[in-house]
Each structure stands twice: as C-alpha cells, then as structure tokens.
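Visitor: I'll drop the sequence and a predicted model, then ask my questions.
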Amino acid sequence: MRTRQRTGLPVRIATAALAALALLAAMAFQAPATAQSPASLEILSVHHDPQGSLVVALRASGARDADISNLTIFVDDIPLRAGPDGRAAADDLALVLAMDTSGSMAGEPMQAAGQAARALLSRLAPDDRVSVVTFATVPSVRTALTADRGLLDSIMDSLVADGWTALYDAVGLGVAELEGAPEERRVMLLLSDGQDFGGVSTAGREGSIDRARESGVTVYAVGLGPDYDEAYLQALAAATEGQFFPMRDESDVAALTALFTRLGGELGASDTYTLGVPPLARGAHELRIRASVDGTAVSASTTFQVSNLGLLQPEVLPASAPDRPIEVRFGALVAPAELSLEVEVAGVRFRAASPEADSVAVDPWALPPGTHQGEVVAYASGGVAYREAVTVDVPPLAPSLVVTVGEDGAVARGRVQGAAAVLVALEDGVEVARSQSGTLVLEPGRHETVVEMRGADGAVLATEHVEAALAAEASGGALAGLVLLLLLGAGGGYAGLRRLRSRRRPVAERILRPLPRIPAAVPLADTERAAGPAAPVVLGEIVVVEASGNRRRVPLTSRPLTVGSSLACDIVLGDPVVRGEHLRLTALPGNEVRVHVLPDRGAQRQAPYQEEQWLIARDGEQISLGSCALQISRTVVAGPAPGEPIPLHAEAGS
C-alpha cells in the first residue's frame, strides 16, 4: 500500500502539469483570433462639382468589407442625407501608374509627378495592387502588380527623366499588365507632358486606343504642361469610359498633388457617395459625417475647398442701338435662379432683372464712354461663388433733353452719359427751380418756361421751351406747383426725401412742394375685400436699404405703410436724422405709390391738414430718407420671407 501511494503521487503531479501547459498553449493560440480593432471611418477625399454635386470617398475600419449604415453628411452644419442611389461600393483594385519620364519631364515636372504619385498611393486600400510603368524612348515595367508600399515609394524616388516619348507603346504595355489581373476593377492612370515623339512607338495612334478599349481597362489620363497631346488623351479616356484631367501649369505641384490625392481617395475607397448640393460659395467648407460601421456609431470630419472653376462663361453682347443696354449673358453651369448675378463696370453695379434671368443689362447712360474692364460676380450661399473679368465697350452718347406736355402739366427728362443730368427751369431769365435727378415736373400754367440741361461744369448742354398753353389754372404763382420727382433711373442716380440740418424750415420748403390733391380713397382689390383685413393682397414690395448695405423686404399692400423712427411705424428706421419726419406709403392703381410726409406725428394716422405734403413714386424709383433708402417695386418676386435680410451683396446706400 505505501509503495503504491509513493509511486502514484509523481504521476498525478506530472499529469496536472501537462494539462496546465496545454491550457496555456490553447489560450495563447486563441488570443489573436478574438482580438478586434475598433470601428473607424476615414474620409479619403471630397470633390465639389460646380454643377451641384459633392463626391465623398470613405473607407470604414481600413477595409472594403465593413458595413456602413445610417450615414448622414453635414456641409457647414446643414444635413445632407445620402440615399441608396448615390452610393457606390468599390471592389478590389488593380492599378497601373504609367509615368512619362521623357527628357521634357526633367526638373520640376518630374518632382511634381513623384510627389503626386506618393499622395495617391497613401490613399489606396492596403490590399490594392499597383504596377509602375515608365516610358521614355522605350516603355518599361518597373514593378509588377504589388501591394508593397515601400517598394512603390522607392520607385517614385528613383525616377529620372531622359529620352524621347513612346506614348502609344506605353498605353499598350500598361493594358497588358492589367489584362490578366483577377481584380474586379482594373485602372490605368496615365500622366504625360507631351506627344508620341521620336518615332519610337511600334503601335499606331488609333491602334493603341482600340487596344485599350477592347481590354476593358479604365484609363484616367492627365495632361501636364502646355504641350501634351490633348486630343489623344481625351480620346483615350472617352474610349475606356475614364476621365481626362488637364493640368496646364506643370510647376503647380499643389494642384497636381490635390488631383492625385482625390483620385487616390476615390480609387481606394470602400464606399463613394454622390450628393446633390446647392451652389456653394468659393473657399473653405466644413464636412462632418455620422454613421454606423458594423453596428458601432462613428464620426469623422474634414474641410474641403470650393473653387467653382468654369461656373460662369460670360459673353458681352453689344447694344442693338447706341442708347440701348449692353447685355452680359451667362452660360452658367447651374440654373440662374440658384445664383445672384451682377456686373460691375467703372464702379457702377448692375443686377439681373429677375432671379430667372440669364443676363444682366448694362446701361450705357450710366457709364462714361470707352473700353472698361468690368467684373462678373455670382453670389451663392451667402458669399461669392465666382468672379470673372469682362471687357465692356461703351459707345459715346449725345446729351438728351425731352419735354412732354400734357393736360396735367409738363415733364422734362434729361440724360447725360456717365453723370446725373442737372435740369434748370427759368422764367424771364430767372431760375425758379432746379433738379439734379434728371427729371423735372411742371404743373399746368399760363406762362412760358425755358428748361436747360447743364453739365457738371455748369455749361448748357441742351435747351427746350415750354409754351404757356397748358389747360389748367395756376395756383400760387408762376411755378408754385413745380415739383421735383427724384427717380431711381437706369443711370443709378438717387434722391428723394432728404432732410436739411442747417435750420428748421416748413415741410413744403424742406422736403417737397405741394401737388394737386387726388382722391384719398384707394379702391381695394376684390380678393382683399372678400378676405377681410386679415388677408391683404400683396401688390409689390418695399426694399429697405440701410447705410451699412443691409437690405430687407416689406410687402406693399393696398393698406398704407408708415415709415420712420417711431416704434409704432410699420417700417422702423434707426437713423436719428429721420426723427421727426415720417412717411405713409399707399399703393395706387397701376404702378404708382403715393408718399405722404407726416411731420412730427410718428405713425399716427390723423386727418390731413394744410402742412401735409405728398408726391407720387413709381415702380423702380427710390426714396432717400436720412441715410436710408426705400426702393419701390410693384412686381412681386421670389425671395426671402418678408422682413428677412436679402442675401445679396450691396454697397451702402445703393
């Protein structure tokens, strides 16, 4: 018994030790199999197309088989949900980098090509295979398809430029490298700065294109510098359903690197999303992404640049007649309604007549004659989307003075090119009235008046005589009813209700002269009468322009609007100069608006009395009050909600 006990103990100890070792070995082998890397999401590239799309290339957890779901993309904090139609999942990739190493690539072009190629390689997936083909006098395979990034980087560092250009043979060699590859995607990225040169290619021009087409390989062709064969590269890319990228500035390393980085991101991505976006302002924008990767919530962010190159193709069309507008027409890549367009010439700005207009009319009367360098500007998303220079030829125009006589009086209109016309009314050689706006209105009378149009230096440019046979009785003297209607003409001249600060004078002297009364009752439209006071009919709008350039729109209905510094007014102006003088705007039939001056009464609507003065303003005219301006439009146009700022760049006081 004792002997057995002594001999059995070592056996049991040995058995236990062996079991422990086996357990440890099993645990050691199982540990790597259970370890998992955390879910992640990488933004490889972002490309903005000015036609209204955003291409975002992503890779989840460093692989193509990870599942991305519940993806939302934010551009400048505005969410853009990616639908299934905009998603493209990527297969494994076999890529040939065909690099031109002929003598013309020596120096900066070769350095730029190597740097750009390394940027592209850094964006590919780890399992993507790449082959490098260089071509000069003879094309050469520097390495077969490989995933060894270190080897590929060393090849980029060893590139030397020398010899002629066997471009056609290089295409054939690159296609041959890809024809036997098992990958679903087979792509050749070809970069060349020249043409097939030296007669060294054995393949012909059309034959090389046919070979690429028949192989099923997709070719991305990049032309570098000023002398590449653009027609050949375009035809090669089109035949293989690829893309052509012109890079005219061979020394612009940053631009070439940015292109290759983008292409590397799109080729190396596991998923590519194409989203529709409105036109974006030029410059930097923020992109943020929230999504789930294999069931785990992830996020990523980056910034991207918007250049909008080619957004506008402006064309200047000469006027059909000397005094007709010059038209600047746009061939924009997006609908004109998505942009705010304007043209600036010689410091004068002209805007499109409507949001849908694809052209801007430039008034030659507003500009001095001659050739001017102008600028076309497109605004979008609260900023400048694009600028482009244009040349505008403005013909010389002779000064024009026209006097129209009717039953209600006479209207004199004068125009001087590039300046506001000064009109002076004379009786018996004595000046009785003056207007610097280009328009003078004379009441009916029984006297003879001479109207002179003068230049900035006081010289008389034109003269017209107004006969006495006007069919109404004059009241208050020869020209007591002379009124200056200060118009917002096509020449850009402004005027209106301006307060003189030198001394307090009666309203009639400070602001206006009285017009004959017209019936105060303004008939309401049938739709407004039926709807009642809660639903006024919109007949137009008033655009309020502050000295800072800020603008807001206020609906104009058949109910009067009060304007002034009082908080009780419908339109409150913050300029202290306005204090004590208020206006009441009433829409009249047709395109007119009656403007009453209500001195020292705020917004209270009291009965008229003898000091109340008024004038008639028409569609397109502007009234100035202090440092503010009120622009009248009897046309209702699409835009921001009433009272909201207008997203247009505007100079102060425009």
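Guide: Structure received.

Visitor: ok, the most centrally placed residue in the chain - contacts?
Guide: Averaging the C-alpha coordinates of the chain gives a centre point, and the residue nearest to it by Cα atoms, centre = their mean is Ala385 (2.7 Å). With contacts defined as Cβ atoms under 8 Å, 6 or more residues apart in numbering, the neighbours of Ala385 are Pro279, Leu280, Ala281, Arg282, Asn308, Leu311, Leu339, Ala378, Tyr379. (Glycine included, C-beta is placed from N, CA and C.)

Visitor: Would you mind giving both backbone torsions of it?
Guide: In this entry, Ala385 is assigned phi and psi values of phi -90, psi -30 (degrees, to the nearest 10).

Visitor: And for the one 5 residues further on?
Guide: When read as degrees, to the nearest 10, the backbone of Val390 gives phi -140, psi 160.

Visitor: In this structure it contacts Val316, no?
Guide: Yes. Distance between Val390 and Val316: 5.6 Å, which falls inside the contact criterion (Cβ atoms under 8 Å).

Visitor: contact partners of the helix or strand where Ser299 lies?
Guide: Secondary structure assigned from DSSP states H and E places Ser299 in strand 296-306. Contacting residues not belonging to strand 296-306 are listed as 38-43, 46-48, 50, 58, 60, 280-292 [Cβ under 8 Å, 6+ apart].

Visitor: Could you export that strand as CSV, CA atoms only?
Guide: What follows is strand 296-306 as a C-alpha-only set of coordinates in CSV (Å, rounded to 0.1, in the frame of the first residue of the first chain):
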residue,chain,number,x,y,z
THR,A,296,-20.9,50.9,-34.0
ALA,A,297,-21.5,54.6,-34.1
VAL,A,298,-18.6,56.5,-35.6
SER,A,299,-17.9,60.1,-36.8
ALA,A,300,-15.4,61.9,-38.9
SER,A,301,-14.8,65.5,-40.2
THR,A,302,-12.6,67.4,-42.6
THR,A,303,-12.6,70.7,-44.6
PHE,A,304,-12.7,71.0,-48.4
GLN,A,305,-12.1,73.8,-50.8
VAL,A,306,-14.6,75.1,-53.4
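
Visitor: Name the next helix or strand downstream of it, please.
Guide: With secondary structure assigned by DSSP H and E, strand 296-306 is succeeded by strand 315-317.

Visitor: where do the contact lists of Val390 and Val316 overlap?
Guide: Both Val390 and Val316 are in contact with Val328, where contact means Cβ under 8 Å, 6+ apart.

Visitor: Report the residue spans of the chain with pLDDT below the cut-off.
Guide: Within the chain, the stretches falling below the threshold (pLDDT under 70) are 1-37, 83-84, 444-447, 467-536, 574-581, 590, 599-614, 635-654.

Visitor: want to throw the contacts of Ala385 into TSV with distance to Arg351?
Guide: Listed next are those as TSV, based on distance: Cβ to Cβ, whole Å:
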residue	distance to Arg351
Pro279	17
Leu280	21
Ala281	18
Arg282	19
Asn308	19
Leu311	18
Leu339	12
Ala378	12
Tyr379	10
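
Visitor: And these, which is closest to Asp428?
Guide: Tyr379 (54.0 Å; Cβ to Cβ).

Visitor: Which among the contacts of strand 296-306 count as buried?
Guide: Applying 16 or more other Cβ atoms under 10 Å to the contacts of strand 296-306, the neighbour count classes 39, 41-43, 46-48, 50, 58, 60, 280-282, 285, 287-292 as buried.

Visitor: Show me the residues you listed that map onto strands.
Guide: The subset of the buried ones among the contacts of strand 296-306 located in strands under the criterion DSSP state E comprises 41-43, 46-48, 58, 60, 285, 287-292.

Visitor: what's the span of stretch 183-199, first residue to last?
Guide: 34 Å (Cα to Cα, to the nearest Å).

Visitor: For that stretch, buried residues please.
Guide: 183, 185-197.

Visitor: for stretch 138-153, same thing?
Guide: Buried residues in stretch 138-153, counting neighbours by 16+ other Cβ under 10 Å, are found at Pro139, Arg142, Thr143, Leu145, Leu152.

Visitor: Could you identify the most distant pair in the ones in strands among the buried ones among the contacts of strand 296-306?
Guide: In these, the most distant members under the criterion Cβ to Cβ are His48 and Ser292, with 25.7 Å between them.

Visitor: one step back: among the buried residues of stretch 138-153, which lie within strands?
Guide: Taking DSSP E as the definition of strands, the buried residues of stretch 138-153 contribute Pro139, Arg142, Thr143, Leu145.

Visitor: Which residue comes closest to the third one once chain neighbours are left out?
Guide: What it means is Thr143. Spatially, and ignoring its direct neighbours in sequence, Thr143 is nearest to Val132 (5.3 Å; Cβ to Cβ, 6 or more residues apart in numbering).

Visitor: Then the second one?
Guide: The shortest distance from Arg142 to any non-neighbouring residue, by Cβ to Cβ, 6+ apart, is to Val132 (4.2 Å).

Visitor: In three-state terms, label the one you found for me.
Guide: For Val132, the reduced secondary structure class is strand; criterion used: DSSP: H, G, I helix; E, B strand; the rest coil.

Visitor: Number of residues surrounding it?
Guide: 25 (other Cβ atoms under 10 Å).

Visitor: That one and Met99 touch, don't they?
Guide: Yes. Proximity of Val132 to Met99 meets the contact threshold set by Cβ under 8 Å, at 6.9 Å.

Visitor: one step back: Provide the partner residues of the residue nearest to Thr143 in its beta bridges.
Guide: According to DSSP bridges, the residues that bridge with Val132 are Leu97, Thr143.

Visitor: can you start the count at 886 instead of 1 from here on
Guide: With the count now opening at 886, the last piece we talked about shows up as Val1017.

Visitor: show me what contacts it?
Guide: Val1017 touches Val981, Leu982, Met984, Val1026, Arg1027, Thr1028, Leu1037, Ile1040, Met1041, counting by Cβ under 8 Å, 6+ apart.
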